[in-house]
Structure formats: structure tokens, C-alpha cells
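Engineer: sequence isn't available, so here's the structure alone:
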């Protein structure tokens with residue numbers, strides 16, 4: 001490949017070097033949504049608020065186990081393995097389900113889905129919950145914490 005740019009002549013050159021119009025149109029819609037929401041500053045602040053509220057609610061759960069006690073847990077519970085500092089994490093909390101290797105996570109994951117709480121699983125024992133600032137509400141966060149307790153009661 002030459003160190004200088006050699007454009008392909010004609011329409012094929014445009015097609016090769018630029019994104020497709022349909023892809024750009026969908027990107028424009030996405031950027032308009034972010035602009036309407038105030039761009040990244042307000043979204044990040046809302047993200048920190050929602051994730052912080054979720055963390056606070058989860059830490060009050062009777063099933064929460066402080067990380068330093070996690071390996072001694074013999075009945076179903078969870079700990080949070082994501083950093084507590086909002087500046088050291090994104091918009092998600094990773095929950096490690098206990099006791100390790102007992103399929104508690106699989107049961108909780110299925111139970112949460114039944115209540116409409118959608119996270120993602122990381123085998124063998126982690127579920128990530130991520131309140132999304134563009135469309136999740138404080139009520140959604142409260143519901144997620146509530147239904148986690150409901151599901152763990154049944155495990």
C-alpha cells in the first residue's frame with residue numbers, strides 16, 4: 001500500500017471510503033437523542049445517580065454480603081464486585097452470587113427475567129445490572145432491587 005492516498009475514481013470510490021447513507025441516517029437519529037438529553041454530561045450524572053441508588057438499595061438487602069465475608073457464605077446471597085467509587089465504574093454493578101459454584105446465579109437470572117428485570121450473566125456466578133440513563137427511571141432501579149430480594153427468597 002502506498003504511503004499516500006489514491007482515491008478510487010467514480011461512485012465506487014465514494015462507496016469504499018464513506019459510510020453507507022442508511023448507517024449515517026441511523027447515527028443521526030441517535031445523536032439527536034443524545035442532544036435532546038443534554039449530551040454526555042447530564043447523562044453521566046444521571047447514570048451515576050441511578051447506579052448509586054441501585055447500589056444503596058442492594059447494600060440494604062438482607063441477602064447482601066460484604067465482600068470480605070463472601071467466601072464464608074453458605075446460603076444464597078450476593079456481594080457487589082464493582083468498585084463503589086462512581087468515578088471508578090461505569091453504569092453497571094456486577095453482583096457475585098453465593099455460595100460460589102452452586103447455580104444460584106442461574107436461578108436468580110431466570111427469576112429476574114420473569115419480573116422483567118434484564119441484566120446479563122457472566123458464568124458461572126455473576127449478573128451485571130446496568131441502569132441506562134436514557135430510559136431507566138428511579139422506579140426501575142427500586143423494582144430491580146425489590147425483585148432481586150423476591151427471587152432470592154425463593155432460591
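Structural biologist: Perfect, thanks for sending it. Predicted model only: the values in this text are computed from it and were never measured.

Engineer: got any ranges where the protein has weak pLDDT?
Structural biologist: Applying pLDDT under 70 to the chain flags the ranges 1, 13-18.

Engineer: okay, now residue 131: neighbour count?
Structural biologist: The burial count assigned to residue 131 is 22, neighbours taken as other CB atoms under 10 Å. Using the backbone N, CA and C atoms, a C-beta is placed for each residue, glycine as well.

Engineer: tell me which residues touch the closest residue to it other than its chain neighbours, please.
Structural biologist: Excluding its sequence neighbours, the residue lying closest to residue 131 (CB to CB, 6 or more residues apart in numbering) is residue 50, at 3.8 Å. Going by CB atoms under 8 Å, 6 or more residues apart in numbering, residue 50 touches 91, 131, 133, 136, 138, 141.

Engineer: how about the contacts made by the fourth one?
Structural biologist: Under the criterion of CB under 8 Å, 6+ apart, the contact list for residue 136 reads residue 50.

Engineer: that one should be in a helix, yeah?
Structural biologist: No - looking at residue 136 with DSSP: H, G, I helix; E, B strand; the rest coil, it is coil, so not inside a helix.

Engineer: can you tell me how far it is from residue 28?
Structural biologist: 24 Å (CB to CB, to the nearest Å).

Engineer: hmm, back to that, and the two most separated of the contacts of residue 50?
Structural biologist: 91 and 138 (14.3 Å; CB to CB).
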